[in-house]
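*Asks:* Sequence and predicted structure, then a few things I'm wondering about:
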Amino acid sequence: MKVAVGCDHAGFVLKSAVLDFLRTRGIEPLDCGAFSEEKGDDYPSVAFRVAQLVSSEEVEGGVLMCGTGIGVALAANKTSGVRAAPCNDVELARMGKAHNNINVITLGGRVIKPEQVPAILEAWLSTPFEGGRHLQRLNKISQAERSTFCTNLLSKGQGAIQGRTVIFNHPLVQHKVGIIRSQDTTVKQFRELLQEIAGLMVYEITRDLPLVEAEVETPVARTTVRTLAGKKLAIVPVLRAGLGMVDGILQLVPNAKVGHIGLYRDPETLNPVEYYCKLPQDIEERDVFVLDPMLATGGSAAAAISLIKRRGGQKVSLVCLIAAPEGIERVHKEHPDADIFIAALDSHLNDHGYIVPGLGDAGDRLFGTK
């Protein structure tokens with residue numbers, strides 16, 4: 001595990017204690033300065049360096065120090081995916097991790113003494129994130145970061161963060177989600193809306209596809225353009241509701257291969273039961289997107305991802321319309337490397353395992369059955 005460490009002149013008094021504790025804990029510190037008590041880099045510069053390392057996942061966490069811990073926290077939180085907070089006592093460190101999943105802890109050199117550092121950092125490192133309702137709140141906060149946010153919200157072990165939860169709050173997506181939720185929406189409208197939402201989501205889902213330069217001749221002159229580098233994709237709907245998302249995605253990525261997974265949820269145990277699985281033969285060479293409109297308990301989604309991995313799939317992501325916090329937590333627990341793309345995060349599951357407020361049974365509404 002690596003942790004980035006940075007301070008300004010006012011926080012330098014705590015730096016040795018932080019570095020010594022991390023090394024004692026078996027954690028590799030990455031020293032980002034300052035390297036003396038002389039006034040040099042302002043705290044924003046140091047905070048930005050540490051925050052970028054955390055955001056890019058080059059390290060699993062960060063420790064920042066200034067006079068109070070407030071300034072470096074303000075600066076670090078300007079970086080997407082960073083959750084920094086001043087924790088100048090053990091209880092704040094414990095609660096900050098348990099409820100807010102802070103990945104950058106900040107300390108005040110003018111507030112605490114070096115001998116207090118080990119207990120504070122131990123509370124931060126050893127406390128697990130509780131997830132659940134706290135994950136839902138973090139998602140709401142993260143939505144304000146940018147129009148489409150991509151932020152890591154769940155921890156594995158002592159803060160190692162991998163899979164993302166991506167919520168789409170683009171006005172068009174939210175408008176269509178609002179319509180599709182209504183019980184007055186017809187089967188025809190439901191089908192069309194599900195395809196349209198999936199099509200809009202594919203823009204962000206494919207954001208990281210590699211490009212290459214190519215030469216083309218326009219009616220006016222020859223020029224260099226950028227085209228897709230031939231990345232292989234596969235979409236795998238979970239039967240039956242996932243079928244409603246296929247055409248919306250294929251309209252934009254028509255060369256993607258399509259697999260199918262059949263799972264149903266046992267009404268008593270709520271556990272998934274497999275009855276069908278057909279995947280492209282070269283699944284191990286493809287980026288795979290599992291399609292399922294509703295992420296409720298997370299059992300079916302996690303089982304589908306497991307099926308694909310057992311058959312050789314390497315990079316598997318999940319694409320859903322509406323999710324519950326319980327489902328996100330389960331999928332990331334069983335598959336911490338999987339990205340989850342959703343159009344809306346709802347409140348909770350009811351006693352029957354349905355998402356609240358949700359939209360009812362997506363399969364029944366898609367096919368007009370009950």
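*Replies:* Structure's in. What do you need?

*Asks:* tally of neighbours for the nearest residue to Q183 once chain neighbours are set aside?
*Replies:* Leaving aside its sequence neighbours, Q183 sits nearest to G360 (CB to CB, 6 or more residues apart in numbering; 7.2 Å). For glycine as for every other residue, the C-beta is placed from the backbone atoms N, C-alpha and C. By other CB atoms under 10 Å, the residues close to G360 number 14.

*Asks:* do the same with C320
*Replies:* By other CB under 10 Å, the residues close to C320 number 27.

*Asks:* what are the phi and psi angles of it?
*Replies:* Here the main-chain torsion angles of C320 (degrees, to the nearest 10) amount to phi -130, psi 160.

*Asks:* for it, what are its contacts?
*Replies:* 291-295, 301, 340-343 (CB atoms under 8 Å, 6 or more residues apart in numbering).

*Asks:* of the residues you listed, closest to G178?
*Replies:* Checking the contacts of C320 against G178 by CB to CB gives A343 as the nearest, at 10.5 Å.

*Asks:* That closest one falls within a helix, correct?
*Replies:* No. Using DSSP: H, G, I helix; E, B strand; the rest coil, the assignment for A343 is strand, not a helix.

*Asks:* I'd guessed it sits against V202; true?
*Replies:* No. Using CB atoms under 8 Å as the test, A343 is too far from V202 to be in contact (11.8 Å).

*Asks:* tell me which residues of the top helix by length along the chain are tucked away?
*Replies:* What stands out as the longest helix in the chain, according to DSSP state H, is helix 187-205. Neighbour counts over helix 187-205 (16 or more other CB atoms under 10 Å) mark 190-202, 204-205 as buried.

*Asks:* Now the element after that helix, going C-ward?
*Replies:* Once the chain leaves helix 187-205, the next helix or strand it forms, by DSSP states H and E, is strand 211-217.

*Asks:* Give the buried residues for that following strand.
*Replies:* Within strand 211-217, no residue is scored as buried using 16+ other CB under 10 Å.

*Asks:* Okay, now the sheet partners of that strand, with direction.
*Replies:* Note on strand 211-217: by DSSP bridges, its sheet partners are strand 222-228 (antiparallel).

*Asks:* ranking the contacts of C320 by neighbours, who comes first?
*Replies:* For these, neighbours tallied by other CB under 10 Å; top is A301, 31 neighbours.

*Asks:* so that residue sits in a strand?
*Replies:* No. According to three-state DSSP, A301 belongs to no strand; its state is helix.

*Asks:* which residues does it contact?
*Replies:* Per CB under 8 Å, 6+ apart, neighbours of A301: 238, 290, 292, 295, 318, 320, 327, 331.

*Asks:* is it true that the third one touches G242?
*Replies:* This points to D292. Yes. Between D292 and G242 there is a contact under CB under 8 Å: 4.9 Å.

*Asks:* Quick one: the helices in the stretch 1-150 of the chain, in order.
*Replies:* Using DSSP state H, counting those that start in this stretch, the helices of the stretch 1-150 of the chain run over residues 12-24, 43-55, 70-76, 90-100, 117-126, 133-143.

*Asks:* Model confidence score at K140, please.
*Replies:* For K140, the model assigns a pLDDT of 73.

*Asks:* Beta-bridge partners for the nearest residue to it once chain neighbours are set aside, please?
*Replies:* Spatial nearest neighbour of K140, excluding adjacent residues (CB to CB, 6+ apart): L345 at 7.9 Å. Beta-bridge pairing for L345 (DSSP bridges): A323.

*Asks:* Counting neighbours, what do you get for L345?
*Replies:* Neighbours around L345, by other CB under 10 Å: 23.

*Asks:* ok, it - contacts?
*Replies:* L345 touches 136, 139-140, 167, 322-325, 328, counting by CB under 8 Å, 6+ apart.

*Asks:* so K2 makes contact with V54?
*Replies:* No. Using CB under 8 Å, K2 is not in contact with V54; the gap is 10.1 Å.

*Asks:* okay, and the common contacts of those two?
*Replies:* Residues touching both K2 and V54 (CB under 8 Å, 6+ apart): E60.

*Asks:* Which one's more surrounded, the two?
*Replies:* V54 (25 against 15).

*Asks:* any idea what sits nearest that one, other than its immediate chain neighbours?
*Replies:* Using CB to CB, 6+ apart and skipping the chain neighbours, the partner closest in space to V54 is G62 (4.8 Å).

*Asks:* if I look at that neighbour, how far off is D8?
*Replies:* 14 Å (CB to CB, to the nearest Å).

*Asks:* on that earlier part again, possible to save the helices of the stretch 1-150 of the chain as a markdown table with distance to R310?
*Replies:* Formatted as a markdown table, the helices of the stretch 1-150 of the chain follow (distance: least, CB to CB, whole Å):
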| stretch | distance to R310 |
| --- | --- |
| helix 12-24 | 38 |
| helix 43-55 | 33 |
| helix 70-76 | 40 |
| helix 90-100 | 34 |
| helix 117-126 | 34 |
| helix 133-143 | 28 |
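
*Asks:* ranking the ones you listed by mean pLDDT, which is last?
*Replies:* Here the lowest mean pLDDT among the helices of the stretch 1-150 of the chain goes to helix 133-143, at a mean of 79.

*Asks:* Spell out the residue ranges of the strands in the stretch 251-370 of the chain.
*Replies:* 257-258, 260-265, 272-278, 287-291, 294-295, 315-323, 340-345, 348-349, 355-356 (DSSP state E, counting those that start in this stretch).

*Asks:* quick one on the thing from earlier: now do the residue nearest to V54: how many residues are near it, please.
*Replies:* So G62, with other CB under 10 Å, has 30 neighbours.
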